[in-house]
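Engineer: sequence and computational prediction follow.
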Amino acid sequence: MQPFPSIGKVLIFTGLIIFVIGLLFLFLDKIPWFGRLPGDISYEGKRVHFYFPLTTCILISLLITLFLWFLGRR
């Protein structure tokens with residue numbers, strides 16, 4: 001008898017999540033509008049460049065929330 005029978009499922013699920021995140025990092029460069037949405041804040045001065053992707057962060061948060069909500073419903 002295993003002391004932690006669900007640890008295998010947790011490890012597989014964690015590995016799948018890391019795999020999907022890795023794929024996203026590979027293919028996000030191919031999406032030209034990602035990171036340059038209206039509402040993303042960008043300031044460029046003489047010596048400083050500040051960039052905060054506000055709209056992109058909200059969009060990612062919404063997608064993750066919907067995904068987790070969908071998994072919770074199953």
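Structural biologist: Yep, it's here.

Engineer: ranges for the helices of the chain?
Structural biologist: Using DSSP state H, the helices found in the chain span residues 7-27, 54-73.

Engineer: ok, residues contacting the last one?
Structural biologist: Okay, so that is helix 54-73. Here helix 54-73 makes contact (Cβ atoms under 8 Å, 6 or more residues apart in numbering) with 34-35, 37-41. Any C-beta I mention is one placed from the backbone N, CA and C, and that applies to glycine too.

Engineer: domains in the chain, by residue range?
Structural biologist: The record's domain parsing of the chain by automatic domain parsing lists 1-30, 36-74.

Engineer: can I get those domains in JSON lines with mean pLDDT and mean neighbour count?
Structural biologist: Below are the domains of the chain laid out as JSON lines (pLDDT from 0 to 100; neighbours: other Cβ atoms under 10 Å):
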{"stretch": "domain 1-30", "mean pLDDT": "81", "mean neighbour count": "9"}
{"stretch": "domain 36-74", "mean pLDDT": "88", "mean neighbour count": "10"}
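
Engineer: what residues are up against F52?
Structural biologist: Contacts of F52 (Cβ under 8 Å, 6+ apart): 40-42.

Engineer: now with 7 Å, please.
Structural biologist: With contacts taken as Cβ atoms under 7 Å, 6 or more residues apart in numbering, F52 has the following neighbours: I41.

Engineer: which phi and psi does G45 have?
Structural biologist: Torsion angles at G45 (phi, psi; degrees, to the nearest 10) stand at phi -100, psi -160.

Engineer: and for the one 3 residues further on?
Structural biologist: The main-chain torsion angles of V48 are listed as degrees, to the nearest 10 and equal phi -130, psi 150.
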